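# Turn this into a structure:
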Amino acid sequence: MTTHRSFLDWPQPIPFAHRGGAGEHPENTLASFQSAIDAGCDMVECDVHLTTDGELAVIHDHLLDRTTNGTGLVGAHTLAELRELDAGQGQKIPLLEEVFDLVRDRVGLVIETKQNPVPYPGLEEKLAAVLREHGMVEQVNVISFHHRCIRHLKEVAPEIGLGIIDASRPIDAVGMMRAAGADLFSCYFGTLDPEMAEEIRSAQGAVGVWVVDDQLSLLWARACHPDSVFTNRPAEIGPLLN
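Numbering: from 1, shown residues only. Below is the predicted model of the structure:
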């Protein structure tokens, strides 16, 4: 079982199953996560939103329309209402605790908090409490495009492994990472270059890239030598990273 705290000790990139095995199964469903585990992934990644009754639902978009047979904002529904929806092939929107049960002591879990553009007040506190309650702190890392969310998590739960996500080629990636209290910098593959990857590693940070699903992204990931690679096709892409 792997967390990004140990990425720098690995000789090759660690494959992350982005939203599970989303290339072949409905994304962010238990079937998708199980397929990634079966494919031999070391880590799986999921996304969380906060329901109106304060539960952590696993789904990517702020809107239900793309991945379910529902409509409207995820955060405008109770968990019970969300559970009535079909998330693809009869799958339901999972509760985060259900994902814990699936991955516990089997693979690492990366959780992306979806705090923008629609914010969820109290999400960080809820997530920290659930991780502690279920004994998952050592098996989970939390990442977000919302860097203030990560900095807030660092304040309320400094024991949790944290990372920031960015889709640009910043002037000072290390400064961004340190300002958020993170030790993982996860970026779009096309914005990474070998120089930035080395800067981050020299600062004792880890580098992740997304989404590596085709020949171009694979070739560039191998040229930049990131510590982790997010892919929707873990069974196919994973063996090609060595």
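
# Only C-alpha atoms from now on, for both contacts and neighbour counts.
Will do.

# And the strands in this structure, which stretches?
With DSSP state E as the criterion, the chain has strands at 14-18, 43-50, 56-58, 108-113, 140-144, 161-166, 184-188, 206-210, 228-231.

# other SSEs contacting the second one?
Taking 3 or more Cα pairs under 8 Å, 6 or more residues apart in numbering; DSSP states H and E as the contact definition, the neighbouring helices and strands of strand 43-50 are strand 14-18, helix 30-38, strand 56-58, strand 108-113.

# one step back: save the strands of the chain as CSV, and put in mean neighbour count and mean pLDDT too.
Below are these laid out as CSV (neighbours: other Cα atoms under 10 Å; pLDDT from 0 to 100):
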stretch, mean neighbour count, mean pLDDT
strand 14-18, 29, 88
strand 43-50, 26, 97
strand 56-58, 25, 98
strand 108-113, 24, 97
strand 140-144, 23, 97
strand 161-166, 24, 97
strand 184-188, 24, 97
strand 206-210, 26, 96
strand 228-231, 28, 93
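
# Turn those strands into CSV, columns for distance to residue 216.
CSV is the format used below for the strands of the chain (distance: least, Cα to Cα, whole Å):
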stretch, distance to residue 216
strand 14-18, 17
strand 43-50, 22
strand 56-58, 30
strand 108-113, 25
strand 140-144, 25
strand 161-166, 20
strand 184-188, 13
strand 206-210, 12
strand 228-231, 13
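
# one step back: of all the helices and strands packed on strand 43-50, which one is nearest residue 188?
Judged by Cα to Cα, the one of the helices and strands packed on strand 43-50 that comes nearest to residue 188 is strand 14-18, at 12.8 Å.

# Given that closest one, what are its sheet partners and their directions?
strand 43-50 (parallel), strand 228-231 (parallel) (DSSP bridges).

# could you dump those strands to a markdown table with distance to residue 163?
Formatted as a markdown table, the strands paired with strand 14-18 follow (distance: least, Cα to Cα, whole Å):
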| stretch | distance to residue 163 |
| --- | --- |
| strand 43-50 | 13 |
| strand 228-231 | 12 |
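
# and of those strands, who's closest to residue 171?
Evaluated over the strands paired with strand 14-18, closeness to residue 171 peaks at strand 228-231, with 21.6 Å, by Cα to Cα.

# for that closest one, the distance to its chain's centre please.
10 Å (Cα atoms, centre = their mean, to the nearest Å).

# and that strand, C-alpha only, in PDB?
Only the C-alpha atoms of strand 228-231 are listed here, as PDB (Å, rounded to 0.1, in the frame of the first residue of the first chain):
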ATOM      1  CA  SER A 228       2.800   9.300 -10.000                       C
ATOM      2  CA  VAL A 229       0.600   9.100 -13.000                       C
ATOM      3  CA  PHE A 230      -3.200   9.500 -13.000                       C
ATOM      4  CA  THR A 231      -4.800   7.400 -15.800                       C
END
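
# Show me the shaky parts of the protein.
For the chain, the stretches flagged by pLDDT under 70 are 1-12.

# Which residue ranges of the chain form helices?
30-38, 79-83, 96-103, 123-133, 147-156, 173-180, 194-202, 215-224, 234-237 (DSSP state H).
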